[in-house]
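>>> kindly return the folded structure for what I paste below:
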Amino acid sequence: MPDSIRFDGRILFLTEDPERIRRQLAGEDLEPSETGPLRDQISTDEITPAFICYHFDEKLGDFPYLGLKCGEAFPVKEGAVRAGGFAVSVAGKRRGKGSSREASPYAEQCAGIRLVIAESFERIYRQNAQNLGLLTSTDFGLIPRLRRGEAIPLPEFTEGLDPVTAEIVQRGGLFAYNAARLAGEVVPPLPRHAARPMTYAEKLLARHAVVDAASGTVGLPAVRPGDGLFAKADWRFSHEYVTPMAARFLEKALGPDVALRDADRILAFRDHLTFLHHSMKPEHRAMGLLTVAERLKPAQEAFCAKHGIRLHGELSDGLGSEGICHSLMAERYVSPGQLVVGTDSHTPHAGALGCLAFGVGTTDIANAWVTGDVRVTVPPTLRVRLNGRLRSGVSAKDLVLHLLAQPFIREGGAIGQVIEYMGEGLLDLDTDERATLTNMAAEIGGFTGLVAPDAETLRFIQERRGVELALEPWMRGDEGAEYAQTLDVDCATLGPMLARPGDPGNGLALADLDEAVPVHIAYLGSCTGGKREDLRRAYEVVRKAAAEGRQVPEGVRFFVQCGSEDVRRYAEAQGWMAAFEAVGAVVLGSSCGACINAGPGVSTRPDQVTISAINRNFPGRSGPGQMWLASPATVAASALAGRIVGADA
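Numbering: from 1, shown residues only. Predicted coordinates:
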């Protein structure tokens, strides 16, 4: 990149007022007094709704902000940003929360945006932007300078970054950096620290830190938060939304004959769109989006076949997949002490087994296929102490919805941090339940979620895989390790929780719900709602109704969808599925399905109310209706009652 950059183009302010956005798109530049208030917490679902991500090329530039909700309006239409001649986009707090989809900053870039400014960024979004060469800043003082047409010195965009990330920004993206790295033109500087007490996450990163890429040497005596390094990945995985785009990026940068490193440690999954043809809206079909989406499957299959990558694909009957990527990684692959990267914000699911598992973007995974490692800025650790024991009927989902409702979390206090859970409350949570806590580090805004391995971890691995493992003494934080901050949770005071529509942070104790909320759809599924323990807890609610011949009320649709076929077979053997079907539930093959707005269980009208066990309820995430989040038990109870109620109702 040049030493300074001039941004020849307009500034787009993503305001809360839809009319001000429409005015900008029509060609009017706002006066300084009109540029706020800005939209906070813009999710990647709003930047590029799921159906836009069926595209994996420059066509994405027609669609940035198509799902942006301002008040009750969606003011941005197809092609409007690209036609508007914008070079800069400005928003408020927590820009880019939610899914790790690199399609979002890539769509902005393809539309002409070269700089995004926000009060704060979610970690994956900002890293994806840096990897693409899309500049980011939290300095609102740039805006008057940009209006005057000033050229901005490049160092202003690297200030405060670790040396590795700064060099990536200076070189215009990760592919350019790694090309120089593989050619020996640049050598990442290594942190140099004497041995020090470390958190468990820091120990995992220190052990995986790449010392010499050529020889494969790894391991440093110590790391600290803020250190930039490359870490060797034990597992790298992608799903069908990302594999084709990553393959396209890779071949464009390094040619069609590029060799992948340790292909036997790379996995691919077709898990998101296996039910898409059952639920795509007529208007999206009319746009040709089903045809566009159907390109993803053969593109992924061809890439995997070419490079010898194991693909967990569709079932032979076309009614589901082998399993959701995070679910299968935890059930079949990962082990304590490993480092795992995947192209989904819910990759931290596997952190329940004592491994460091975190989401990365398209460019990151494409580079990791070749190098075997991934760049990391060592994050601080937020310690969450679960004090006391959970009451009967209170689940991990209730606990995490409680955390998400805390002002510290809602305001972004945990952005980019490792969320490490510890304390007596873990004794009430098996590995399936712990996976809900670590999975939803994504909603907290964290780098990952983590639980140090213990006897329960070993029990889970032996039960699911028939493998006997032993824990190593280093697999826990050191006495005297430094934590960025600590959140204490009094587990004994917690009850069932809900999250009101719009955001997982809209938490509400079920006991405080002071209105009758009718339910049209109840959805028990996804990676957080389709595990063995999730189904068991829901079964405990429905089994009495099944025995008595009661069913869900007329006008209520109840869907049950497992996270993997392994779980579905187990649930069938236990008789759980028969009970669900007896009360009128529709049992579906395993898939992300409705969670990604791609399967039965999505709403079709704004007035419909869904109660769901999935992990996020951003606008449009699972249809246009109003989605409440709840635990599996609450979902089952609400399905039977036809309104939101607890399992003890």
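>>> domains of the protein?
Partitioning the chain according to automatic domain parsing yields domains covering residues 4-171, 235-337, 380-496, 498-641.
>>> quick one: closest of these to residue 202.
Put simply, out of the domains of the chain the one that sits nearest residue 202 is domain 380-496, at 7.3 Å, with distance taken as CB to CB. Yep, even glycine has a C-beta here, placed from its N, CA and C like the rest.
>>> sorry, back to before: looking at the domains of the chain, which is buried most?
Comparing the domains of the chain by mean neighbour count (mean count of other CB atoms under 10 Å), domain 498-641 comes out on top with a mean of 22.
>>> how long is that domain from one end to the other?
Start-to-end span of domain 498-641 (CA to CA, to the nearest Å) is 16 Å.
>>> how far does that domain sit from the chain's center?
Averaging C-alpha coordinates over domain 498-641 and over its chain gives two centres that are 20 Å apart (CA atoms, centre = their mean, to the nearest Å).
>>> same deal with stretch 333-340?
Worked out by CA atoms, centre = their mean, stretch 333-340 lies 18 Å from the chain centre.
>>> please begin residue numbering at 10 from this point
Let's use 10 as the start, then, which means that last one is stretch 342-349.
>>> now that stretch - C-alpha only, CSV.
Extracted C-alpha coordinates of stretch 342-349, given in CSV (Å, rounded to 0.1, in the frame of the first residue of the first chain):
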residue,chain,number,x,y,z
TYR,A,342,-12.5,-35.2,16.3
VAL,A,343,-11.2,-32.7,18.8
SER,A,344,-9.2,-33.5,21.9
PRO,A,345,-8.0,-31.5,25.0
GLY,A,346,-5.0,-29.4,24.3
GLN,A,347,-5.6,-29.0,20.6
LEU,A,348,-6.0,-25.8,18.5
VAL,A,349,-9.0,-25.8,16.0
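>>> surely residue 442 and residue 542 touch.
Yes. The pair residue 442 and residue 542 passes the contact test of CB atoms under 8 Å, sitting 5.6 Å apart.
>>> thinking again about what came up before, of the domains of the chain, which is nearest residue 227?
Comparing the domains of the chain by their distance to residue 227 (CB to CB), the top pick is domain 244-346, with 12.7 Å.
>>> can you give me the strands for the stretch 460-609 of the chain?
Under the criterion DSSP state E, counting those that start in this stretch, strands of the stretch 460-609 of the chain are mapped to 494-499, 506-508, 516-518, 530-533, 566-570, 595-597.
>>> in JSON lines, list those along with mean pLDDT and distance to residue 524.
Formatted as JSON lines, the strands of the stretch 460-609 of the chain follow (pLDDT from 0 to 100; distance: least, CB to CB, whole Å):
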{"stretch": "strand 494-499", "mean pLDDT": "97", "distance to residue 524": "27"}
{"stretch": "strand 506-508", "mean pLDDT": "98", "distance to residue 524": "12"}
{"stretch": "strand 516-518", "mean pLDDT": "96", "distance to residue 524": "11"}
{"stretch": "strand 530-533", "mean pLDDT": "98", "distance to residue 524": "18"}
{"stretch": "strand 566-570", "mean pLDDT": "97", "distance to residue 524": "22"}
{"stretch": "strand 595-597", "mean pLDDT": "95", "distance to residue 524": "28"}
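>>> dump those to TSV, plus distance to residue 557.
As requested, the strands of the stretch 460-609 of the chain are exported to TSV (distance: least, CB to CB, whole Å):
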stretch	distance to residue 557
strand 494-499	37
strand 506-508	27
strand 516-518	29
strand 530-533	19
strand 566-570	16
strand 595-597	20
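>>> now name the helix or strand holding residue 257.
Secondary-structure assignment from DSSP states H and E places residue 257 in helix 252-263.
>>> what packs against that helix?
Other elements packing on helix 252-263 under the criterion 3 or more CB pairs under 8 Å, 6 or more residues apart in numbering; DSSP states H and E are helix 183-191, helix 305-316, helix 371-380.
>>> show me the contact partners of the last one.
By CB atoms under 8 Å, 6 or more residues apart in numbering, the list of residues contacting helix 371-380 from outside reads 111-112, 115, 136-137, 140-141, 182-184, 187, 190-191, 222, 239, 242, 245, 247, 251, 254-256, 258-259, 262-263, 267-270, 275, 316, 350-352, 369, 383-384.
>>> tilt between it and helix 183-191?
Going by axes from the mean of the first three to the mean of the last three CA atoms, to 10 degrees, helix 371-380 is angled at 20 degrees with respect to helix 183-191.
>>> farthest from the middle of this protein: give me that residue.
When each C-alpha in the chain is compared with the mean C-alpha position (CA atoms, centre = their mean), residue 557 comes out farthest, at 40.3 Å.
>>> circling back to that earlier point, and after the helix holding residue 257, which helix or strand comes next?
Using DSSP H and E, the first helix or strand after helix 252-263 is strand 275-278.
>>> how far away from the center of its chain is that next one?
The answer for strand 275-278 is 17 Å, by CA atoms, centre = their mean.
>>> which strands and helices sit next to it?
In this structure, strand 275-278 makes packing contacts with strand 244-248, helix 305-316, strand 319-321, helix 334-337, judged by 3+ CB pairs under 8 Å, 6+ apart.
>>> of all the ones you listed, which one comes closest to residue 106?
It's helix 334-337; of those, that one is closest to residue 106 (CB to CB) at 18.2 Å.
>>> tell me the mean pLDDT over the next helix or strand after that closest one?
Using DSSP H and E, the helix or strand that follows helix 334-337 in sequence is strand 348-351. The average pLDDT for strand 348-351 rounds to 97.
>>> direction included, what does strand 348-351 pair against?
Based on DSSP bridges, the strands next to strand 348-351 in the sheet, each with its direction, are strand 244-248 (parallel), strand 365-368 (parallel).
>>> now distance to residue 342 too, for those strands, in JSON lines please.
Listed next are the strands paired with strand 348-351 as JSON lines, based on distance: least, CB to CB, whole Å:
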{"stretch": "strand 244-248", "distance to residue 342": "6"}
{"stretch": "strand 365-368", "distance to residue 342": "10"}
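>>> now those as a markdown table including mean pLDDT and distance to residue 156?
Listed next are the strands paired with strand 348-351 as a markdown table, based on pLDDT from 0 to 100; distance: least, CB to CB, whole Å:
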| stretch | mean pLDDT | distance to residue 156 |
| --- | --- | --- |
| strand 244-248 | 97 | 41 |
| strand 365-368 | 96 | 36 |
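>>> nearest to residue 322, of the ones you listed?
Proximity to residue 322 (CB to CB) singles out strand 244-248 among the strands paired with strand 348-351, at 10.9 Å.
>>> alpha carbons of that closest one, as PDB, please.
Taking C-alpha atoms only, strand 244-248 is exported to PDB below (Å, rounded to 0.1, in the frame of the first residue of the first chain):
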ATOM      1  CA  TRP A 244      -7.800 -29.100  12.700                       C
ATOM      2  CA  ARG A 245      -9.000 -26.800  10.000                       C
ATOM      3  CA  PHE A 246     -12.600 -27.000   8.700                       C
ATOM      4  CA  SER A 247     -15.000 -25.100   6.500                       C
ATOM      5  CA  HIS A 248     -18.700 -25.500   5.400                       C
END
